[in-house]
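**Q** Next input, structure requested:
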Amino acid sequence: MNAAVTTELKLIDHWIGGESLRGTSDRSGPVYNPATGEQTGQVSFASVEEVDRAVGTAKAAFPEWRTWSLSKRADLFFRIYDLFDRHREDLARLLTAEHGKVLSDALGEVQRGIEVIEYVCGIPTLLKGGYSEQAATGIDVYSIRQPLGVAAGITPFNFPAMVPMWMWAPAIACGNTFVLKPSEKDPSASLLAAELLKEAGLPDGVFNVIQGDKIAVDALLEHPDVAAISFVGSTPIARYVYENGTKAGKRVQALGGAKNHMVVLPDADIDMAADAAVSAGYGSAGERCMAVSVLVAVGGAGDALVDAIKVRLPKVKVGDGMDPDNEMGPLVTREHRDKVASYLDSGPDQGATIVADGRESAPNGNGFFLGVSLLDNVTPEMDAYRDEIFGPVLSVVRVDTYDEALRLVNENPYGNGVALFTRDGGVARRFQFDVNVGMVGINVPIPVPVAYYSFGGWKSSLFGDRHIYGPEGIDFYTRTKAVTSRWPDPKTSKVDLGFPQTR
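**A** Now for the predicted structure:
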């Protein structure tokens, strides 16, 4: 008789004060391998008391940390950069194991996070203030930037390494201490990051991780010792975080959802546009806030664009992200996969045409897979257009003119990213001027800014007035202080200055 085979679950805990701490709340959640559907881990959910302990530890570490010189902080961040660079594949494999994205996508995610670490290695320059000599007779005025105190980050499941780096790197480099609340769906990358930061020499207590759910989120929003909150996630939760955080007197940046359009004009290179649509629509299984969700085909571009995409879809290999031959992995949970697949029913019911049904091409097995899917003849009244699907379902909306396409984008409640494909430089310049979206790509489908600019949308894609990372990230994690000073004129001072006074 064969004994039953059981897999020991990985226990995923908190990180407070430079060490891993087992949760004490008796509350936890499952962590899955989305490619197999098997539970691989159990993550602790923090109590209010555990959140308080993490914040208290960060608060206690702040006075000493903020006194570190800028050159010493920069030296530390060069070591942090080196460690994360050397461990990028370790981080990427954790992402693939718990999120499901293919390893190449995971490595790309880690790279975009490391770029922000590289950017803040220049923190001595980034924190420079201003100086005005002789603003009035004998009076000088200057400005300095100072850290806020304890900052907290609440991050999403779709980028469990990159988005935290977008937050903690500038926050800590500016002299703040940090408490991270990662997604409970794929939490392991946060602990590896904590270990690497400790190995680099970051003092204990400067970076802390609290695992958990809404109880942990609310405790951070309400905690009197948390000065700032950064959030990335869906628009309803972003609004909740912004309203409750600001009500508690905190500085808040809350990045919300998206419905990113890619406008294809009749003069566009159709092959280039089709390649871009496939990579931007189905990369990471569409689970990214910058994924193209809607193709707006203008005039005669529609038929050619749909045909070009259709012939490319069978070539997209879907499967376990650890297999280097696969180009798209599973979705993060079974429930989310089923919700995304429901648009392949509601779309045709509301008048759309199914060009490709990912349920038919999904791999067999218990993994949370949905194949690449394409809906044509979608209109703004349909659920497939209005909702943030966040999966590998791409919609095609057909319009007659450029003005109709522009109006469609500008009337959408989201304003995260948009792309325009055209050969006409004049039209491209007009588009970037007229469109009400925070990030614009011209023949670039996913216009995520490089680390020395800032990332963020407009309208319902952002609550707050500062985008994440880059110059606006430095602004968010610091406050300016203006100093006005007057000193006695050495010629008239009666104080013995220790050197001969000039008459």
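**Q** low-confidence ranges in the stretch 251-400 of the chain?
**A** Counting by pLDDT under 70, the stretch 251-400 of the chain has no low-confidence residues at all.
**Q** Repeat that for the stretch 1-150 of the chain.
**A** For the stretch 1-150 of the chain, applying pLDDT under 70 flags the ranges 1-7.
**Q** Okay, strands next: where are they in it?
**A** Assignment of strands within the stretch 1-150 of the chain using DSSP state E, counting those that start in this stretch yields the ranges 10-12, 14-16, 19-21, 28-33, 38-44, 130-136, 139-147, 150-154.
**Q** Which of those strands has the highest mean neighbour count?
**A** Each of the strands of the stretch 1-150 of the chain was scored by mean neighbour count; the highest is strand 150-154, a mean of 28, by mean count of other CB atoms under 10 Å. To be clear about C-beta, it is placed using only N, CA and C from the backbone, and glycine gets the same treatment.
**Q** ok, residues contacting that strand?
**A** The set of residues that contact strand 150-154 without belonging to it, under CB atoms under 8 Å, 6 or more residues apart in numbering, is 55, 58-59, 62, 163-164, 167-168, 171, 176-181, 217, 220, 225-233, 241, 477.
**Q** how about 6 Å then?
**A** Residues from elsewhere that reach strand 150-154, judged by CB atoms under 6 Å, 6 or more residues apart in numbering: 55, 58-59, 164, 167, 171, 176-181, 217, 220, 225-231.
**Q** swap in stretch 184-201?
**A** For stretch 184-201, using CB under 6 Å, 6+ apart, the contacting residues are 12, 15, 18, 29, 43, 76, 79-80, 83, 91, 94, 98-99, 157, 160-161, 180, 182, 207, 209, 211, 213, 332.
**Q** Next, give phi and psi for the closest residue to Lys101 other than its chain neighbours.
**A** Closest residue to Lys101 in three dimensions, ignoring its sequence neighbours and counting by CB to CB, 6 or more residues apart in numbering: Ser284, at 4.7 Å. Ser284 has phi and psi values of phi 60, psi 30 when expressed as degrees, to the nearest 10.
**Q** and Ser284, how far is that from Asp307?
**A** Distance from Ser284 to Asp307, counting by CB to CB, to the nearest Å: 25 Å.
**Q** More neighbours: which of these two?
**A** Of the pair Ser284 and Asp307, Ser284 is the one with more neighbours under other CB atoms under 10 Å, namely 24 against 12.
**Q** right, and that one touches Leu107 too?
**A** No: contact between Ser284 and Leu107 fails when scored by CB atoms under 6 Å: they sit 12.0 Å apart.
**Q** so how far is Ala169 from the most centrally placed residue in the chain?
**A** Nearest to the mean C-alpha position of the chain, by CA atoms, centre = their mean, lies Val163 at 3.7 Å. With distances taken as CB to CB, Val163 is found 11 Å from Ala169.
**Q** Would you confirm that Ala451 contacts Ile117?
**A** No: under the contact definition of CB under 6 Å, Ala451 does not touch Ile117, with a separation of 8.6 Å.
**Q** if you look at the contacts of stretch 184-201, which of them are in helices?
**A** With DSSP state H as the criterion, helices contain 76, 79-80, 83, 91, 94, 98 from among the contacts of stretch 184-201.
**Q** Mind picking the two most distant members of the residues you listed?
**A** Checking the ones in helices among the contacts of stretch 184-201 against each other with CB to CB, the farthest-apart pair comes out as Leu76 and Glu98, at 28.4 Å.
**Q** More neighbours: which of these two?
**A** The residue with the greater number of neighbours, taking Leu76 and Glu98 and applying other CB under 10 Å, is Glu98; the counts read 26 against 21.
**Q** How about the contacts made by the more buried one?
**A** For Glu98, the residues meeting the contact criterion (CB under 6 Å, 6+ apart) are 31, 186, 188.
**Q** which among those gets closest to Asn410?
**A** Using CB to CB as the measure, the one of the contacts of Glu98 that approaches Asn410 most closely is Asp186, at 34.7 Å.
**Q** Assign a three-state SS to the closest one, would you?
**A** Assigned with DSSP: H, G, I helix; E, B strand; the rest coil, Asp186 falls in the coil class.
**Q** Tell me the spacing between the nearest residue to it once chain neighbours are set aside and Glu118.
**A** Spatial nearest neighbour of Asp186, excluding adjacent residues (CB to CB, 6+ apart): Glu98 at 3.6 Å. According to CB to CB, Glu98 stands 25 Å off from Glu118.
**Q** Equivalent analysis for Asn443, please.
**A** As it turns out, when the distance is counted by CB to CB, Asn443 lies 26 Å from Glu118.
**Q** These two: which is more packed in?
**A** Set side by side, Asn443 and Glu118 show more neighbours around Glu118, with 18 against 15, by other CB under 10 Å.
**Q** Could you tell me which residues make contact with the more buried one?
**A** Applying CB under 6 Å, 6+ apart to Glu118 gives the contacts Tyr81.
**Q** Same check on Met165?
**A** Contacts were defined as CB under 6 Å, 6+ apart; by that measure Met165 touches 113, 116.
**Q** quick one: average confidence on the helix or strand that contains it?
**A** Using DSSP states H and E, Met165 falls within helix 162-173. Confidence over helix 162-173, taken as the mean pLDDT, stands at 98.
**Q** Give me the neighbour count for the closest residue in space to Val102 that isn't next to it in sequence.
**A** Here the nearest residue to Val102 in space, its sequence neighbours aside, is Gly321; by CB to CB, 6+ apart that works out to 4.0 Å. A count of neighbours around Gly321, defined by other CB under 10 Å, yields 28.
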